[in-house]
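J.: Dropping the sequence and predicted coords here.
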Amino acid sequence: MIKLKNITGKKLKLIDLDMKYLDDMYEYSSNPRMYEYFEFEAHKTKNETKSYLKKLIKRSNKKNAHWWFIQLKKTSKIIGSFGVHDIDRIKNSCEISYAISPKYWGKNVFSEVMEIVLEYLVNDLSFHRITATTARENIRSIKGIQKYNFVQEAILKDYYLNSDNERYDAVILSLVQNKKINSKLDVSSKSPTFTNIKDKHISQIIKIKDKNSKFPNKELEHVLDVLGNNGTNFINKLEARFKKLFNQKYAIACNSGTSGLHASLAALDLEYGDEIIVPGLTVVMDAYAAIHLGATPVFADVDPKTFLITAESIKKKLTKKTKAVIVVSLQGLPVDIDPIMKLAKKYGFYVIEDNAQDFMGTYKNRISGCSGDVGIWSFENKKHLSGATEGGMICTNNKKLATKIRKFAGIGYKNMTATGGRTSLAISQVQDPNYKRFDTIGLNYRMPNIVAAVSLGQLESYKSIISRRQKVAAIFRKAIKGCNWLQEQNIPNNCTHTHYTFAVRYSGDKHFGLSWKSFYNKYLKLGGDGFYGACVCPHLEPSIQQYIKDSGYNKKISTPIAEKIQKEIMQFKTNYRDLEIAQQKANILKKLINSLNKS
Ligand SMILES: Cc1ncc(COP(=O)(O)O)c(C=O)c1O
């Protein structure tokens, strides 16, 4: 049972309720601002306050609740009330409620009350789970209370409307003590108990919120918002942020980079046999998108230094049937897009920019991926921005294309537009059995709201995500400095590279007869992290080889540079979240380089 004692802080005291403070209480409880956040009204008469106070005193005498007045030590004035209620002695949990005179809002009263109440609840009464509903501003104060080992278990967003119908964000905050306390009433050791389940969640939350985690920012809050069924449309929010950041008129969220490529090409009204030029060195998905639409992928060679498709290599592959080119900013290096756009204008083909491996790289001070007709991005888990699972985005300034893309990726609902899928029809019309919904044959490539929630959290912190990858690349660059058999992917002066990986060409086999795989094994043996080889050239993958055989494919494939450098490329990871670990791995690489140079 809760002890009835007065508790004291630096400037405040919590004292037991007493009718003699009725005037003070009426002064704040009759203030309408006080109730802006809550559903009930300010007290209009002193009698109302009186009966309310009586009710609190009565409740305080019960076992599962206790209320205090908050008193200023200096003047003995009562400036609020504070209650502990819904006390559960099995779970050692309780809820807290408070009312503080608006005159003292923003004066740290809440922080001090929380401090003294927690001291009392935790040390004297052994509570370790406390729930409170509070305005968003107070979270700062609550977060500060770390000495009791409390963590925020969940923030459930809610809102209240004030008298002017303004929306105020509020939160229901559950604080759970991380470290077990020596309470005789703690039943957590008897598994499986509620407390045990909660403890598991808390350690998971702590892990997620660690600064070196993959999702340390707002991702968790956004996901909780989705699971809490609060109705937030994160897809709209993500699309809006993306549009703004990339300065594009239309952004369409989809469920992967691959579906983004497919929907983009589908919007071009391709005819059977139309040709789509793709790089000879990239992932298979660029060619797959064309094949799925009955178009023919044509493979263009790449530059040996940048590893990227160029205007010259595209030009060699142009025919009357060329409908589009997919350019790929491989490893995060923007493509030399201006000459390609010039060519596109001259010969009349579309340019789709595949930025799955690049996010906010720059080309001539412009953000890469926004110069062509359509740009696509991937939020697959390893990409710069992760949707935790899969995800993608399509951007364009072309309204016609945007409408077609959205419809194709959204099952072809007739009411879909370039900007969204809303209908102004009355619900009774939509519910009518004669209501016809579809005017386009599409696919369900829509992004799930929960993926948008994670991706938005990532987008909100994109700068640190990119800069960390660039820092890791700089660490590895330093490690290979002066090594003439590891040649970094060349970054032209007019570009910034966002380093999906740190990619180099290896020629150690020629220098001292050590194969790619032997070098890889030696690096692993020394404690290195491994590294990726480049994807096999798409036309050499069995899937596309089979397609070539089955479809009567008659285009000559000649991509000697792509085939050569694919075998040489080493892609070092840049997604270390702890730069010290990246440095350790780079030191191992340096050590291996030195030992091979001496041998
Ligand atoms: C260059 C490139 N294009 C497209 C994709 C496809 O993206 P997703 O995995 O999201 O379908 C990837 C994914 O690895 C990629 O690297």
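T.: Nice, I can see it. Because the structure is a prediction, the values reported are computed rather than measured. Numbering: from 1, shown residues only.
J.: When you work out contacts or count neighbours from here on, use the C-alpha atoms and nothing else.
T.: Fine.
J.: what's next to the helix or strand encompassing Val327, contact-wise?
T.: Under the criterion of DSSP states H and E, Val327 resides in strand 322-328. Contacts of strand 322-328 with the rest of the structure, by CA atoms under 8 Å, 6 or more residues apart in numbering, involve 270, 274-279, 282, 286, 308-309, 314, 334-335, 348-356.
J.: ok, which of these also contact the ligand?
T.: 282, 354, 356 (CA under 6 Å from any ligand atom).
J.: Inside strands: which ones of the residues you listed?
T.: Within these, residues falling in strands by DSSP state E are Asp354.
J.: Would you mind putting the ones next to the ligand among the contacts of strand 322-328 into JSON lines with neighbour count and distance to Leu592 alongside?
T.: Output for these, formatted as JSON lines (neighbours: other CA atoms under 10 Å; distance: CA to CA, whole Å):
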{"residue": "Thr282", "neighbour count": "26", "distance to Leu592": "29"}
{"residue": "Asp354", "neighbour count": "28", "distance to Leu592": "35"}
{"residue": "Ala356", "neighbour count": "29", "distance to Leu592": "32"}
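J.: Near the ligand, which residues of the protein are found?
T.: Checking the chain against the ligand by CA under 6 Å from any ligand atom, the hits are 256-258, 282-283, 285, 328, 330, 354, 356-357, 378-380, 390-392.
J.: and the contacts of strand 322-328, which are buried?
T.: Listed as buried from the contacts of strand 322-328 are 270, 274-279, 282, 286, 308-309, 314, 334-335, 349-356; burial here means 16 or more other CA atoms under 10 Å.
J.: Just the buried residues of the strand or helix carrying Lys54, please?
T.: Per DSSP H and E: Lys54 is located in helix 46-60. The neighbour-count check on helix 46-60 (16+ other CA under 10 Å) flags 46, 49-50, 53, 56-57, 59-60 as buried.
J.: So Asn554 belongs to a helix, correct?
T.: No. Going by DSSP: H, G, I helix; E, B strand; the rest coil, the assignment for Asn554 is coil, not a helix.
J.: burial of it, as a residue count?
T.: 9 (other CA atoms under 10 Å).
J.: Out of the buried ones among the contacts of strand 322-328, which sit inside strands?
T.: 275-279, 350-354.
J.: Check these against Thr319 and report the nearest one.
T.: The shortest gap between Thr319 and any of those belongs to Glu275, at 8.1 Å (CA to CA).
J.: surely that closest one meets Ala295?
T.: Yes. Taking CA atoms under 8 Å as the definition, Glu275 is a contact partner of Ala295 at 5.7 Å.
J.: Can you give me the domain assignment for the chain?
T.: If you go by automatic domain parsing, the domain ranges for the chain are 7-211, 234-457, 463-598.
J.: What segments of the stretch 151-300 of the chain are strands?
T.: 167-177, 250-254, 275-279, 296-300 (DSSP state E, counting those that start in this stretch).
J.: Could you tell me the angle between the third one and strand 350-354?
T.: The one in question is strand 275-279. Relative orientation of strand 275-279 versus strand 350-354 (axes from the mean of the first three to the mean of the last three CA atoms, to 10 degrees): 30 degrees.
J.: Can I get strand 275-279 as CSV, trimmed to CA atoms?
T.: C-alpha atoms of strand 275-279 as CSV (Å, rounded to 0.1, in the frame of the first residue of the first chain):
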residue,chain,number,x,y,z
GLU,A,275,14.9,-1.9,-77.5
ILE,A,276,16.0,-0.8,-74.0
ILE,A,277,19.8,-0.1,-73.7
VAL,A,278,21.2,-1.2,-70.3
PRO,A,279,24.7,-1.3,-69.0
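J.: contact partners of it?
T.: By CA under 8 Å, 6+ apart, strand 275-279 touches 286-287, 290, 295-302, 308-309, 314, 317, 321-328.
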